[in-house]
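[1] coordinates only, sequence not included:
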């Protein structure tokens, strides 16, 4: 069942179910203008491409919608690891990995974080740029987190909107057309997940 209701009441809990694999994501979202506070979890059973895992995350953006801080905890059967990503006042990203090693990088001026397997994180640049409200094409650098490895790298994601609720997306793992709600959050991401 796909959600077709108009805008959510905030705060809200948004939940997605993967199309073809046993995986879900649920996130509590608080909005204040473009500012987002979110606490969520991705739970995945083992598949041919990854082991069973659970990832919880805590995200805060600034008043423009740009990511300020993301903390992730990755739980596998044999261990738990943490990753922390924060953007400072100079626009530099500080990444503290599971070995407590900290690195600092510009990531080509990225303002958004994306997490593989997560429809929620795709909404960050869409909402920040207002792409769900107008026709435009954008290529945006993102700080990209791969799960379950917890690796962080620079990737570029392309978005093309015609001003409707459908946005074409090209990322490291997909080339598809996603559907968003009136607030810019993903309703359906073909090949990944749909909101339930």
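    Ah, there it is. These numbers come from a predicted model, not from an experiment.

[2] how about the secondary structure of the nearest residue to residue 97 once chain neighbours are set aside?
    Leaving aside its chain neighbours, residue 97 sits nearest to residue 83 (6.0 Å; criterion: Cβ to Cβ, 6 or more residues apart in numbering). To be clear about C-beta, it is placed using only N, CA and C from the backbone, and glycine gets the same treatment. Secondary structure, DSSP: H, G, I helix; E, B strand; the rest coil: residue 83 is strand.

[3] got the contact list for the residue most central in space within the chain?
    Centroid-nearest residue in the chain: residue 121, 1.4 Å away (criterion: Cα atoms, centre = their mean). Shown in contact with residue 121 (Cβ atoms under 8 Å, 6 or more residues apart in numbering): 112, 113, 114, 115.

[4] report the beta-bridge partners for residue 53.
    When bridges are called by DSSP bridges, residue 53 pairs up with residue 44.

[5] how close does it get to residue 71?
    Applying Cβ to Cβ, to the nearest Å, the value for residue 53 to residue 71 is 16 Å.

[6] got it, and residue 86?
    Applying Cβ to Cβ, the value for residue 86 to residue 71 is 9 Å.

[7] closest to residue 172 out of the contacts of residue 121?
    residue 114 (8.9 Å; Cβ to Cβ).

[8] so for whichever strand or helix holds that closest one, mean pLDDT?
    In this assignment (DSSP states H and E), residue 114 forms part of strand 112-115. What strand 112-115 shows for mean pLDDT is 97.
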